[in-house]
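Q: Sequence plus predicted model, see below.
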Amino acid sequence: MKLNRQNLSRLAADIGRPSEVCQVASEGIVHIGVGGFHRAHQAVYTDALINQGEAAQWGICGVGLRAEDRAMRDALAAQDHLYTLIQLADEPGAEIRVIGSIRNMLLAEDSPQALIDKLSDPQVRIVSLTITEGGYCMDDSTGEFMSELADIQHDLAHPQSPRSIFGFLCAALARRRADNIPAFTLMSCDNLPHNGSVSRKALLSFAHLLDHDLANWIDTHVSFPNAMVDRITPMTKPSHRQQLAAEHGIEDGWPVVCEPFVQWVLEDKFCNGRPAWEKVGVQFTDDVTPYEDMKIKLLNGSHLALTYLGFLKGYRFVHQTMDDSLIRDYIRRFMDVDVTPQLAPVPGIDLSIYIDTLIERFSNQAIADQLERVCSDGSSKFSKFIVPTLNQLIAEDKPLDSVALVVAAWALYLKEVDEQGERYRIIDPRADYCRSLVSDDACLTERVLGAESIFGKKLAASPAFVQAFERNLHRLRTLGVSGTLQALLADAR
């Protein structure tokens, strides 16, 4: 049975479905970057709230800025923008729900003007983002906006026919200002530290290059709440679609798969109203920083700590990696010894319980989270998820081997062959640059640690870290992953 609004009434009784209110909700949110995470997180919270009759004005219009987004648009459009959420745990059975909060999806390349018109609509009061860590055009080594990028230069020269996210936002905000329409809140849901502050700096940097008066208006009228978002969402595989059809009779072109756990901590800083998301489990706060540090350093940092070691060992799923007792012991030690002492108290959170939960989540066999997904875009992830921990360890003169191993494993992963001799291709927007860092073994340390756009300046300037990196790289080459972990864990005792 094809998933569409006409067939909703034919779904099995145990499958959740959108209410009639959800089916007629207006579009008060524009979300840019409709991928798996948005559809398993923000869209699900919003769907739950609309189904309670609380937010009929907060339906979502999705937006794709890239040519690759056409596949998602076509899949959703073919089924009335409905999709199936498949929530998987290790216990038998899956929780299945059809989500209806996305009402439409626009592609920028089809009509830039239509997107500007949408963003300018007074009905739209929140614009949210999942554009990946690299989508904010910020140089990780300097913290400055990369105005030299081709799309940015194009948009500065042609502000009425933009290509970049910032060009579209400024075109719409300029029109809202001219027409005396209140500004929207720009709400990042990306997985990076102080995502709202990053959004603000990037947008204002672009706006000042374009029009100082507009930039000052944006600074005064647009709000940029920081958020901590969390839900493991693996890539949808053909087997998920096939299983959904075989077991539940639903033909869905692009379902989304996720774990049961979900969390959203959000600063209550909205300039033009917001949904009452607190009624469906969102935690509002004045300062998201302690929650953000906890999640980014523990969850995201640990993901990087396990992913390259697991991939080198020949594993391809996170749960397989966690089934390896040496890696599991190493990850627990990384969390307990290297990261937790750096964290401030987190209101309402027991960190030891949180860590136990992370171990359980990483070990979830049912969602089969792909290491390839976690490995991807490492050149953008290290500066946010690992380098802050390393810099503090260096500053406090703490042992460095455990975290240096993460960097060494990434460097060896860039060679594109695992311990089993299986070749693979790294997935990274800067893949060629990353390969160049390890192309010459004689100067590998200098090149890798000298990559300031990835690691900043402190790692290469620390003799203790350079030694720890080279020690772990040598161990990985000569002892393999298991031998390296045995040696590291023995040294730590």
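A: Happy to help now that I have it. Numbers count the residues shown, from 1 in each chain.
Q: which residues sit against the strand or helix carrying K201?
A: Assigned by DSSP states H and E, K201 belongs to helix 195-210. Contacts with helix 195-210, where a contact means Cβ atoms under 8 Å, 6 or more residues apart in numbering, come from 129, 136-138, 144-145, 147, 152, 155-156, 159, 164, 166-167, 169-170, 173, 186-189, 192, 214-215, 218-219, 222, 224-227, 267, 269. Just so you know, the C-beta spots here come from the backbone N, C-alpha and C atoms, and that holds for glycine as well.
Q: Now which of those would you call buried?
A: Among these, the ones that count as buried by 16 or more other Cβ atoms under 10 Å are 129, 136-138, 145, 152, 155-156, 164, 166-167, 169-170, 173, 186-189, 192, 214-215, 218, 222, 224-227, 267, 269.
Q: Looking at these, which are in strands?
A: Taking DSSP state E, the ones among the buried ones among the contacts of helix 195-210 that sit in strands are 129, 186-188, 227, 267.
Q: Mind putting those into a markdown table with distance to L351 and pLDDT?
A: Converted to a markdown table, these look like this (distance: Cβ to Cβ, whole Å; pLDDT from 0 to 100):
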| residue | distance to L351 | pLDDT |
| --- | --- | --- |
| L129 | 29 | 98 |
| L186 | 31 | 98 |
| M187 | 27 | 98 |
| S188 | 25 | 98 |
| A227 | 20 | 97 |
| E267 | 21 | 97 |
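Q: Scan the chain for its longest helix.
A: Ranked by number of residues, the top helix in the chain under DSSP state H is helix 463-492.
Q: Run through the neighbouring helices and strands of that helix.
A: With contacts taken as 3 or more Cβ pairs under 8 Å, 6 or more residues apart in numbering; DSSP states H and E, helix 463-492 sits against helix 301-313, helix 325-333, helix 387-395, helix 401-413, helix 444-449.
Q: tell me the average confidence for it?
A: Averaged over helix 463-492, pLDDT sits at 96.
Q: How far does that helix sit from its chain's centre?
A: 30 Å (Cα atoms, centre = their mean, to the nearest Å).
Q: Now the element after the helix or strand where A43 lies, going C-ward?
A: Per DSSP H and E: A43 is located in helix 42-51. Downstream of helix 42-51, the first helix or strand assigned by DSSP H and E is strand 59-64.
Q: for that following strand, packing partners?
A: Looks like strand 59-64 contacts strand 27-32, helix 42-51, helix 70-77, strand 102-107, helix 112-120 (3+ Cβ pairs under 8 Å, 6+ apart).
Q: residues touching the residue nearest to K381 when sequence neighbours are not counted, list them.
A: Closest residue in space to K381, ignoring its immediate chain neighbours: L304 at 6.1 Å, by Cβ to Cβ, 6 or more residues apart in numbering. Residues in contact with L304 (Cβ under 8 Å, 6+ apart) are 374, 378, 381-382, 385-386, 406, 410.
Q: where does the residue nearest to F145 when sequence neighbours are not counted land on pLDDT?
A: Spatial nearest neighbour of F145, chain neighbours left out: S205 (3.5 Å); criterion: Cβ to Cβ, 6+ apart. Per-residue pLDDT puts S205 at 98.
Q: what residues are up against L65?
A: So L65 contacts 32-33, 108, 131, 163-165, 168 (Cβ under 8 Å, 6+ apart).
Q: hmm, try it at 7 Å
A: By Cβ atoms under 7 Å, 6 or more residues apart in numbering, the residues touching L65 are 32, 108, 165.
Q: And the helices in the stretch 151-300 of the chain, which stretches?
A: 165-178, 195-210, 212-221, 238-248, 289-294 (DSSP state H, counting those that start in this stretch).
Q: Give me the helices and strands touching the third one, please.
A: With contacts taken as 3 or more Cβ pairs under 7 Å, 6 or more residues apart in numbering; DSSP states H and E, helix 212-221 sits against helix 165-178, helix 195-210.
Q: Quick one: distance of it to the chain centre.
A: Using Cα atoms, centre = their mean, the offset of helix 212-221 from its chain centre is 28 Å.
Q: angle of it against helix 165-178?
A: Put simply, helix 212-221 runs at 80 degrees to helix 165-178, going by axes from the mean of the first three to the mean of the last three Cα atoms, to 10 degrees.
Q: ditto for the longest one
A: Using the same axes, to 10 degrees, the direction of helix 195-210 lies 70 degrees away from that of helix 165-178.
Q: buried residues in helix 195-210?
A: In helix 195-210, counting by 16+ other Cβ under 10 Å, buried: 195-196, 198-210.
Q: Next, count neighbours for E278.
A: E278 has 13 neighbours, counted by other Cβ atoms under 10 Å.
Q: correct me, but it touches F284?
A: Yes - in this structure, E278 is within contact of F284 by Cβ atoms under 7 Å, at 5.6 Å.
Q: Surely V98 is in a strand?
A: Yes - per DSSP: H, G, I helix; E, B strand; the rest coil, V98 lies within a strand segment.
Q: can you pull the contacts of the closest residue to it other than its chain neighbours?
A: Leaving aside its sequence neighbours, V98 sits nearest to R17 (Cβ to Cβ, 6+ apart; 4.7 Å). Contacts for R17 were tallied using Cβ under 7 Å, 6+ apart; they are 8, 11, 98.
Q: roughly how far apart are the second one and I359?
A: Read that as L11. 35 Å (Cβ to Cβ, to the nearest Å).
Q: for C137, what are its contacts?
A: 145-146, 149, 152, 202.
Q: Farthest pair within the residues you listed?
A: Longest distance between any two of these is 11.3 Å, between L149 and A202; criterion Cβ to Cβ.
Q: The residue nearest the centre of the chain and K295: what is the separation?
A: Nearest to the mean C-alpha position of the chain, counting by Cα atoms, centre = their mean, stands N191 at 4.1 Å. Distance check for N191 against K295: by Cβ to Cβ, it reads 8 Å.
Q: which one among the buried residues of helix 195-210 gets closest to I355?
A: N195 (23.2 Å).
Q: Need the pLDDT of that closest one.
A: 96.
Q: Quickly note the distance from it to D338.
A: 24 Å.
Q: sorry, back to before: give the rounded mean pLDDT of the helix holding A43.
A: On average, helix 42-51 scores 97.
Q: okay, the angle between it and strand 102-107?
A: 140 degrees.
Q: Can I get helix 42-51 in PDB, CA atoms only?
A: This file holds the C-alpha atoms of helix 42-51, laid out as PDB (Å, rounded to 0.1, in the frame of the first residue of the first chain):
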ATOM      1  CA  GLN A  42      12.500  18.400  14.900                       C
ATOM      2  CA  ALA A  43       9.800  17.200  12.600                       C
ATOM      3  CA  VAL A  44       8.800  14.500  15.000                       C
ATOM      4  CA  TYR A  45       8.500  16.900  18.000                       C
ATOM      5  CA  THR A  46       6.500  19.200  15.800                       C
ATOM      6  CA  ASP A  47       4.300  16.400  14.500                       C
ATOM      7  CA  ALA A  48       3.500  15.300  18.100                       C
ATOM      8  CA  LEU A  49       2.600  18.900  19.100                       C
ATOM      9  CA  ILE A  50       0.400  19.500  16.000                       C
ATOM     10  CA  ASN A  51      -1.400  16.100  16.700                       C
END
